[in-house]
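Asks: predicted model follows, preceded by the sequence.
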Amino acid sequence: MRKGDDFDIRDHIPGPAGFLGSAANVIMQLGWPEVGYGVLESKVDSGNVMLHPWKRLRTTISYLVVALFGDEADRAAYREAVNRSHVPVHSGPDSPVRYNAFDPGLQLWVAACLYVGVRDMRLAFLGPMDEATEDALYAYCSRLGTSLQVPQDRWPADRVAFATYWAEGLARVRYDEPVRQHLLAIVDLRMIPRWMRWGNASINRLATAGFLPPEFRDAIGIAWTAKDQKRFDRLIGLGRFGSRLLPRWVRMLPVRLQLAEVRLRIRRGWRLT
């Protein structure tokens, strides 16, 4: 494995094309019923993507940016903000499954899905990595969990251990109909104005289905054909061409702006979530 100081996460950010995998990653995270119902039944309306889509987008991107690029102070501030939001997120007497947003096992699953998303976007738009780089990226992405309640020793030790964990996690994936309908609404972009869906919704459906591993696609009931695969491959090819043309500083610009926005909120005492 290459030395940590030889690895630079900035080399692995594809830029705007990476947003194409966003909805697929949400579907993956909510694949465990405990996470799915935790989101669906949450009483924290300010974090409801169907009610406040732009705020939810901002807070999700902010967490990813802070976890991957922030310093310890940034991560501590965001951890505290997320913890406050998570306090009321727990199952009630009528919930179909038991859950608690502070459960490190559930947070580990979410972080694992985020890592898979980071890895897949990197591979799709910037090309393959050698083994040492894949190992370094995997180790670095433990921050996606440890920035919240996941202890470092809960993160699978290496990519072999992660493959075992992931296979076991896939066996728990299930979408009950209420969770499934919530996710399909996100795929169809029903949370944004109708005029904004024109063109964007069809691209989002294609990208979401294409980036979903088959196990998730089958579980949620999204059809996928050879024709769909060809259309998806063309979309990825276009995104790859654009990503490789952009210099690293351009691909990193949205990250830098978002991190600056988070730090401004921290200094001003504004809400982070």
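Replies: Right, received. Where do you want to start?
Asks: mean confidence (pLDDT) on stretch 231-246, please.
Replies: The predicted model assigns stretch 231-246 a mean pLDDT of 95.
Asks: ok, and what's touching it?
Replies: Here stretch 231-246 makes contact (CB atoms under 8 Å, 6 or more residues apart in numbering) with 14-17, 20, 124-127, 203, 206-207, 209-210, 251. Placement of C-beta: from N, CA and C, glycine included.
Asks: what do you get for stretch 62-79?
Replies: 9, 82, 114, 118, 140-141, 143-144, 147-148, 255, 258-259, 261-263, 266, 272-273.
Asks: what do you get if the cut-off is 7 Å, keeping everything else the same?
Replies: Outside stretch 62-79, the residues within contact range by CB atoms under 7 Å, 6 or more residues apart in numbering are I9, R143, L144, S147, L148, V255, Q258, L259, V262, R263, I266, L272.
Asks: now, the most widely separated pair of the contacts of stretch 231-246?
Replies: A209 and R251 (25.1 Å; CB to CB).
Asks: who touches G47 in this structure?
Replies: R56, T59, S85, T273.
Asks: let's see 10 Å
Replies: Going by CB atoms under 10 Å, 6 or more residues apart in numbering, G47 touches V39, K55, R56, T59, T60, V82, S85, H86, V89, T273.
Asks: ok, of the residues you listed, which come out buried?
Replies: V39, R56, T59, T60, V82, S85, H86, V89, T273 (16 or more other CB atoms under 10 Å).
Asks: which one among those residues gets closest to A136?
Replies: Distances from A136 to the buried ones among the contacts of G47, taken by CB to CB, are shortest for T60, at 24.7 Å.
Asks: give me the below-cutoff pLDDT ranges for this protein.
Replies: 1-5 (pLDDT under 70).
Asks: all helices of it, in order?
Replies: For the chain, the helices defined by DSSP state H cover 22-29, 33-40, 53-69, 72-86, 104-126, 131-140, 143-146, 159-170, 177-187, 194-197, 200-211, 214-220, 226-245, 248-268.
Asks: distance from the third one to the middle of the chain?
Replies: Centroid separation for helix 53-69 versus its chain: 9 Å, with CA atoms, centre = their mean, to the nearest Å.
Asks: now E261. Nearest residue, chain neighbours left out?
Replies: Nearest residue to E261 in three dimensions, chain neighbours excluded: S62, at 7.4 Å (CB to CB, 6 or more residues apart in numbering).
Asks: for V116, see how far away the one you found is.
Replies: Using CB to CB, to the nearest Å, S62 is found at 20 Å from V116.
Asks: quick test: name the residue nearest the centre of the protein.
Replies: L114 (4.2 Å; CA atoms, centre = their mean).
Asks: contact partners for that residue?
Replies: Per CB under 10 Å, 6+ apart, neighbours of L114: N25, M28, Q29, T60, Y63, L64, A67, L68, C141, R143, L144, G145.
Asks: same deal with V82?
Replies: V82 neighbours (CB under 10 Å, 6+ apart): G47, T59, Y63, V66, A101, Q107, S147, L148, Q149, L272, T273.
Asks: start and end of stretch 6-26, how far apart?
Replies: Using CA to CA, to the nearest Å, one end of stretch 6-26 lies 31 Å from the other.
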